[in-house]
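[1] When you get a sec, could you give me coordinates for this:
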Amino acid sequence: MLSELLSTERIRVPLGSHSKPDLLRELVRLAVPEAQDALHDSIVAAVEARESQVSTAMGGGLAVPHGRTDLVSALRVAAGRVASLSGYESPDGEPVAVVFLVLTPLAASGAHVKVLARIARLMHNAESRAALLAAPSPEAFLQVIQHAEAA
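    Numbers count the residues shown, from 1 in each chain. Purely as a prediction, here's the structure:
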């Protein structure tokens with residue numbers, strides 16, 4: 001369950017970043033708060049390397065930057081809502097508003113794909129997407145996910 005991978009400590013509403021590079025750094029710090037700055041930089045580099053292949057903005061206001069790296073020992077997810085963000089091109093031209101970061105070790109490709117699919121399913125539901133966009137706090141954001149998964 002996606003809700004089991006998130007906690008209010010790994011959700012920020014709103015995210016404070018206004019550019020894609022700053023957003024990736026902010027999300028990595030949320031996902032791996034115990035790491036030192038040098039490790040954060042290396043993890044961000046892994047996410048940026050994946051991002052350079054093709055944008056992870058999926059349309060409908062959603063972006064799911066992700067990376068597979070052994071710099072994390074277990075699957076990590078961070079998420080949030082962003083008010084104004086430049087430099088994150090979306091295929092439908094809609095601005096990115098909800099972001100989920102997914103980090104997995106190299107050997108966990110199955111788990112990586114499952115989490116990405118769960119996020120896509122959540123955001124494909126118009127009611128859930130609208131509720132995430134309106135969530136006023138990390139607690140409310142997480143409750144939306146829990147409610148969607150219980151349905």
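[2] Ignoring the adjacent residues along the chain, who's closest to the residue sitting nearest the centre point of the chain?
    The centre of the chain sits closest to residue 100, judged by CA atoms, centre = their mean, with a distance of 1.3 Å. Counting by CB to CB, 6 or more residues apart in numbering, residue 79 is the residue found nearest to residue 100 once chain neighbours are left out, at 4.5 Å. Quick note: C-beta positions are derived from backbone N, CA and C, even for glycine.
[3] ranges for the strands of this protein?
    For the chain, the strands defined by DSSP state E cover 11-15, 57-59, 62-63, 66-68, 76-82, 98-104.
[4] now stretch 62-81, how far from the centre of its chain.
    Taking CA atoms, centre = their mean, to the nearest Å, the mean C-alpha location of stretch 62-81 is offset from the chain mean by 6 Å.
[5] Quote the end-to-end distance of that stretch.
    Start-to-end span of stretch 62-81 (CA to CA, to the nearest Å) is 9 Å.
[6] What residues sit buried inside it?
    Residues of stretch 62-81 classed as buried by neighbour count (16 or more other CB atoms under 10 Å): 62-69, 71-72, 75-81.
[7] do stretch 89-99 as well
    In stretch 89-99, counting by 16+ other CB under 10 Å, buried: 90, 96-99.
[8] Repeat that for stretch 12-21.
    Buried residues in stretch 12-21 (16+ other CB under 10 Å): 12-13, 15, 17, 20.
[9] Name the residues that touch it?
    23, 25-27, 30, 48, 51, 78, 80-88, 99, 135-138, 140-141 (CB atoms under 8 Å, 6 or more residues apart in numbering).
[10] what pLDDT, on average, does it get?
    Stretch 12-21 comes out with an average pLDDT of 95.
[11] before we move on, what about stretch 35-43?
    Regarding stretch 35-43, the rounded mean pLDDT is 89.
[12] what pLDDT does the residue nearest to residue 11 when sequence neighbours are not counted get?
    Spatial nearest neighbour of residue 11, chain neighbours left out: residue 138 (3.9 Å); criterion: CB to CB, 6+ apart. If you check residue 138, the pLDDT there is 97.
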